[in-house]
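J.: the following comprises the amino acid sequence and a computationally predicted model.
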Amino acid sequence: MKLCILSLLMYATCCAVLAQKTSNIWYMGEKSGLDFNNPDSVIVLHDDNMIAQSGCTSMCDSSGKLLFYSNGVLVYNKNHKLMPNGVTLAGSSESFGVLAVKKPGSTGKYMLLTTDNDGGKNGLTAYEIDMSLDYGRGDVIKESKKKLLSFCCEMLEPIQHSNGRDIWIVTHTGKDTFLSYLLTENGLSEQPVISKIGDSIFNSLRGAEGSIAYNPVTGKLAAHILSTNRLPLAFMLMNFNNSTGVISGLQIIRMDNQTFSNNGLHGLEFSPNGKFVYVAEEPHPGTVYQFDVSRWPEKEIQSSRVEVGRGYGGISGGDLRLAPNGKIYFSRYRHRYLASIEHPNQPGTECGYNDTAIFMGVNNWSGLKLGLPNQLLPYPLDLEVNSTCLKDTARIVVQGPDYDFMINYGDGNTDTLSANSGNLVYHKYSSAGDYTITLTYPKTAGQTFSKNIKITAPPRPLRFDDTIVCPETELYLIPEENAEVFITRNSELINFPVQCSDTAVEIIHKNTCGETHSTQFIGCKNCDCKLYIMNAVSNNYDGRNDLIRLTTQYCEFDKFSFRLYNRLGNIIFESDDVHFEVPDNLIPVFGDYLMYNMEWVIQGEQNQKSGIIYILH
């Protein structure tokens with residue numbers, strides 16, 4: 001897998017979970033587990049309460065810390081205690097069909113799906129788990145129980161939708177029909193996508209047991225009948241469209257017409273690169289075969305079969321399961337060792353089958369049973385874009401398996417990314433906007449992965465709409481999306497609101513792709529002219545209210561005149577200066593009054609005001 005860590009300056013809306021560790025703890029069998037959080041070594045666990053003959057599932061948070069685990073009947077929290085409502089669920093500890101997945105777009109909510117043993121009457125049932133319940137330890141929402149099918153096989157496969165967010169849940173009816181249920185932020189669809197394809201899996205000898213596996217690189221889905229006394233051993237190879245949920249293109253891969261009366265295939269898993277399928281026979285000692293499914297047609301795939309490992313000890317071969325560390329593990333009933341395929345992308349015996357990879361026993365006891373945890377491994381594809389600025393050329397790296405990809409940039413241009421060149425490409429967008437980058441992988445298979453990016457231009461210059469305002473006016477500027485605006489005056493940062501001044505301001509509009517500067521003068525103007533004159537004065541010469549004069553606000557006069565009259569109507573004072581003061585010797589004695597008249601012109605508009613001024617003692 002190519003991995004390039006880049007400084008990410010991008011706005012993206014996609015639920016890419018490449019770096020998440022939600023599958024990093026396994027609990028299976030009888031009080032047995034593995035911790036994959038240490039990249040250098042796998043830690044064996046015996047601290048749990050799991051009892052599972054076959055099916056099991058576990059869930060961690062994005063940092064790899066345990067949240068809960070289940071065998072389809074009981075649900076245990078991170079403290080290995082039963083959840084209050086996590087008892088007597090509709091599944092079976094002997095059924096391989098149990099699965100936990102995170103509910104898309106939610107915080108702390110998960111779906112748990114169970115199937116009954118051997119196609120029993122409980123069928124397929126869904127539950128919701130809310131991790132905020134029981135003081136943060138999580139609990140099954142009792143009212144969430146929903147029976148989806150009355151009969152189905154013991155197989156559930158989670159598949160990431162092409163949008164990188166939603167999840168398909170694939171199962172089989174036991175006849176010639178696969179069902180694809182879509183899980184979104186709104187919950188699990190009750191109406192599945194129906195694909196009538198393949199053989200009937202149910203048979204009277206072994207019920208509805210079987211295995212199913214999916215590879216997101218090639219878009220291939222594989223499933224097989226556990227055993228039958230009528231047909232040669234075989235598995236089905238199909239195409240899964242992770243945009244529509246439709247299954248097509250059936251190929252039947254047979255095991256050289258081998259037949260067994262009561263045994264057959266059990267484990268089934270793809271190599272990470274999707275080139276190989278590994279299958280395990282159920283009978284003791286459990287033989288593991290590799291098929292090259294990149295060949296065509298079926299006979300070529302059948303002829304590619306190689307025995308890569310044979311188990312020794314134990315009673316019966318069980319599950320094959322791809323782990324977070326890229327290895328495939330093989331469980332054998334009551335075997336003290338978990339076997340592994342160390343290099344599953346390599347052909348034939350170069351894959352490195354190790355029959356004693358991890359010691360799981362305590363003295364002569366082993367907690368291994370048939371099953372290994374069913375989980376949704378982190379989606380193996382992601383895009384890293386080093387810049388989404390319009391002025392830059394974007395450096396795009398695909399994080400994913402070693403395959404050639406077709407990339408559509410969402411602006412009408414396409415390219416081919418080669419695994420040999422590190423899945424690296426450069427592209428320059430011609431205009432800002434929202435784009436969807438789509439990968440098709442391999443470039444002829446039709447499987448897609450999409451990621452939304454926003455190409456951002458440097459912000460445009462910002463200016464105030466008004467340049468001459470009233471002194472009390474408060475001015476604001478609204479920056480563009482994901483941008484900031486700063487105002488300085490005399491090189492000092494000032495806060496909003498901005499008011500008029502005799503000094504210009506500098507407007508700085510900034511985002512991650514650049515900044516613009518503009519200078520603007522915001523002057524003050526006379527707005528609503530206000531004139532004040534006292535309606536009463538005294539003539540006692542105490543310095544208070546003993547002057548007749550005019551007070552103005554926001555007034556710029558083109559013309560002004562003031563006349564003061566005594567009570568007989570005679571003019572005793574007049575002035576064309578707005579800053580006049582009436583001499584105190586003209587103010588009459590207590591009890592008298594004066595009259596005034598003012599006329600003025602502002603911006604060509606004529607105004608007039610008259611009134612009485614009383615003389616107080």
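T.: Happy to help now that I have it.
J.: ok so D118 is a helix residue?
T.: Yes - counting by DSSP: H, G, I helix; E, B strand; the rest coil, D118 is located in a helix.
J.: quick one, helices of the chain?
T.: Listed in chain order, the helices found in the chain under DSSP state H are 133-136, 298-303.
J.: what is the mean pLDDT for the longest one?
T.: pLDDT averaged over helix 298-303 equals 93, rounded to a whole number.
J.: ok, now the first one?
T.: The predicted model assigns helix 133-136 a mean pLDDT of 96.
J.: and of the helices of the chain, who's closest to L370?
T.: Comparing these by their distance to L370 (Cβ to Cβ), the top pick is helix 298-303, with 26.2 Å. (Each C-beta comes from the backbone N, C-alpha and C, glycine too.)
J.: helices or strands next to the closest one in the packing?
T.: Other helices and strands packing on helix 298-303, by 3 or more Cβ pairs under 8 Å, 6 or more residues apart in numbering; DSSP states H and E, are strand 247-254, strand 287-292.
J.: how distant is the longest one from the center of its chain?
T.: Mean C-alpha position of strand 247-254 versus that of the full chain (Cα atoms, centre = their mean, to the nearest Å) differs by 34 Å.
J.: pull up the pairing partners for that strand, direction included.
T.: Looking at strand 247-254 with DSSP bridges, its partner strands are strand 234-240 (antiparallel).
J.: still on that earlier bit, winner for burial among the helices of the chain?
T.: For the helices of the chain, the stretch with the most neighbours on average is helix 298-303, a mean of 15; neighbours defined as mean count of other Cβ atoms under 10 Å.
J.: give me the contact list for that one.
T.: By Cβ atoms under 8 Å, 6 or more residues apart in numbering, the residues outside helix 298-303 that reach it are 237, 251-256, 291-293, 295.
J.: compare those and tell me which is most surrounded.
T.: For those, neighbours were counted by other Cβ atoms under 10 Å; the highest total belongs to V293, with 24 neighbours.
J.: and the nearest residue to that residue once chain neighbours are set aside, what are its bridge partners?
T.: In space, not counting the residues next to it along the chain, V293 is nearest to V277; the distance is 5.1 Å by Cβ to Cβ, 6 or more residues apart in numbering. Beta-bridge partners of V277, counted by DSSP bridges, are F270, F291.
J.: where does the stretch 151-300 of the chain dip in pLDDT?
T.: Flagging of the stretch 151-300 of the chain using pLDDT under 70 yields the residue ranges 199-208, 225-232, 256-264, 283-285.
J.: show me where it has its strands.
T.: With DSSP state E, counting those that start in this stretch as the definition, the stretch 151-300 of the chain shows strands at residue ranges 157-160, 167-172, 177-184, 187-188, 193-196, 210-215, 220-225, 234-240, 247-254, 265-270, 276-281, 287-292.
J.: with respect to L113, which of these lies nearest?
T.: L113 lies closest to strand 167-172 among the strands of the stretch 151-300 of the chain, at 6.3 Å (Cβ to Cβ).
J.: show me what that closest one is packed against.
T.: The criterion is 3+ Cβ pairs under 8 Å, 6+ apart, and the helices and strands that strand 167-172 contacts are strand 98-102, strand 157-160, strand 177-184, strand 210-215.
J.: what does the longest one rub up against?
T.: For strand 177-184, the surrounding residues in contact (Cβ under 8 Å, 6+ apart) are 101, 103-105, 111, 148-149, 152, 159, 161, 165-173, 188-189, 192-198, 223, 240, 245-247.
J.: pull out the buried members of these.
T.: Under a neighbour-count criterion of 16 or more other Cβ atoms under 10 Å, the subset of the contacts of strand 177-184 counted as buried comprises 101, 103-104, 111, 148-149, 152, 159, 161, 165-173, 188-189, 192-193, 195, 197-198, 223, 240, 245, 247.
J.: all strands for the stretch 401-550 of the chain, in order.
T.: Residue ranges of the strands in the stretch 401-550 of the chain, as given by DSSP E, counting those that start in this stretch, are 405-408, 414-417, 424-427, 433-441, 447-455, 468-469, 484-489, 492-494, 505-511, 514-520, 523-524, 530-533, 536-538, 548-553.
J.: okay if I get the ones you listed as CSV plus mean neighbour count and distance to S211?
T.: Written out in CSV, the entries for the strands of the stretch 401-550 of the chain read as follows (neighbours: other Cβ atoms under 10 Å; distance: least, Cβ to Cβ, whole Å):
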stretch, mean neighbour count, distance to S211
strand 405-408, 20, 29
strand 414-417, 16, 33
strand 424-427, 15, 37
strand 433-441, 18, 25
strand 447-455, 21, 22
strand 468-469, 16, 76
strand 484-489, 16, 55
strand 492-494, 10, 66
strand 505-511, 18, 52
strand 514-520, 14, 55
strand 523-524, 14, 80
strand 530-533, 13, 88
strand 536-538, 16, 103
strand 548-553, 16, 88
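J.: burial measure for V98, as a count.
T.: 28.
J.: and what of V306?
T.: Taking other Cβ under 10 Å as the definition, V306 ends up with a neighbour count of 15.
J.: what's the answer for P459, then?
T.: Neighbours of P459 under the rule other Cβ under 10 Å: 21.
J.: in this model H517 seems to touch it, though I could be wrong.
T.: No - between P459 and H517 no contact is recorded; they are 10.8 Å apart, counting by Cβ atoms under 8 Å.
J.: who are the contact partners of T287?
T.: For T287, the residues meeting the contact criterion (Cβ under 8 Å, 6+ apart) are 280-281, 307, 309-311, 317.
J.: just to revisit the earlier point, and of the helices and strands packed on helix 298-303, who's closest to V498?
T.: Across those (criterion: Cβ to Cβ), the nearest stretch is strand 247-254, sitting at 63.3 Å.
J.: so what touches that closest one?
T.: Strand 247-254 is contacted from outside by 170, 178, 180, 195, 197-199, 221, 232-241, 277, 291, 293, 297-298, 301-302, using Cβ under 8 Å, 6+ apart.
J.: what average pLDDT does stretch 502-512 get?
T.: pLDDT averaged over stretch 502-512 gives 91.
J.: what distance separates it from the middle of the whole chain?
T.: On Cα atoms, centre = their mean, the centre of stretch 502-512 falls 36 Å from that of its chain.
J.: again with stretch 95-113
T.: So, by Cα atoms, centre = their mean, the centroid of stretch 95-113 is 16 Å from its chain's centroid.
J.: also stretch 351-365?
T.: Mean-position distance between stretch 351-365 and its chain equals 38 Å (Cα atoms, centre = their mean).
J.: swap in stretch 356-372?
T.: Here the centre of mass of C-alpha atoms in stretch 356-372, compared against the chain's by Cα atoms, centre = their mean, lies 37 Å away.
J.: cool, stretch 533-550 as well?
T.: Mean C-alpha position of stretch 533-550 versus that of the full chain (Cα atoms, centre = their mean) differs by 74 Å.
J.: can you check stretch 524-536 too?
T.: Using Cα atoms, centre = their mean, the distance between the centre of stretch 524-536 and that of its chain works out at 61 Å.
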